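[1] My questions are about this predicted structure, shown below with the sequence.
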Amino acid sequence: MTIKNSNGIQLNDGDCIQVIKDLKAKSTSITLKRGTVIKNIRLTDDEELIECNPDKVKDLVLKTCFLA
């Protein structure tokens, strides 16, 4: 199984990604702004989801269509 970002580039555990759209984190008042860089992602069993720990939110799951 290969997990790809919005540009079709394959993602691996530990990669750095960039958010391409402002995203509001559910159950918090925090918004991840466009251009935010997130380091050390973790891949999941689902091709469309990754896990990460941005600076302000812990254990966040993001859809790969919002990542570059």
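    That came in fine, so what should we check first? Residues are numbered from 1 along each chain as shown.

[2] Next, the contact list for the spatially most central residue of the chain, please.
    When CA atoms, centre = their mean is applied to the chain, the residue found nearest the centroid is L62 (4.3 Å). When contacts are counted by CB atoms under 8 Å, 6 or more residues apart in numbering, L62 is found next to 19, 23, 38, 49-50, 52. Where you see a C-beta, it was placed from the backbone N, CA and C, and this is true even at glycine.

[3] Then N53?
    N53 sits next to 38, 40, 59-60 when contact means CB under 8 Å, 6+ apart.

[4] quick one: the closest residue in space to V19 that isn't next to it in sequence and L67, what's the gap?
    Distances taken as CB to CB, 6 or more residues apart in numbering put T36 closest to V19, at 4.6 Å, once the chain neighbours are dropped. Using CB to CB, to the nearest Å, we find T36 at a distance of 10 Å from L67.

[5] Going by how many neighbours each has, rank these two and give me the top one.
    When T36 and L67 are compared on other CB atoms under 10 Å, the one with more neighbours turns out to be L67, at 23 against 16.

[6] re the thing from before, out of the contacts of L62, which end up buried?
    Neighbour counting with 16 or more other CB atoms under 10 Å marks 19, 23, 38, 50, 52 as buried within the contacts of L62.

[7] what does the model give the third one for pLDDT?
    Meaning I38. With respect to pLDDT, I38 has a value of 93.

[8] repeat for the second one
    According to the predicted model, the pLDDT of L23 comes to 91.

[9] And the first one, by the same measure?
    Here the pLDDT value assigned to V19 is 94.

[10] these two touch, right, it and L32?
    Yes: using CB atoms under 8 Å, V19 is in contact with L32, at 5.2 Å.

[11] The nearest residue to A25 once chain neighbours are set aside: what secondary structure?
    Leaving aside its chain neighbours, A25 sits nearest to V57 (5.0 Å; criterion: CB to CB, 6+ apart). In three-state terms, and counting by DSSP: H, G, I helix; E, B strand; the rest coil, V57 is coil.
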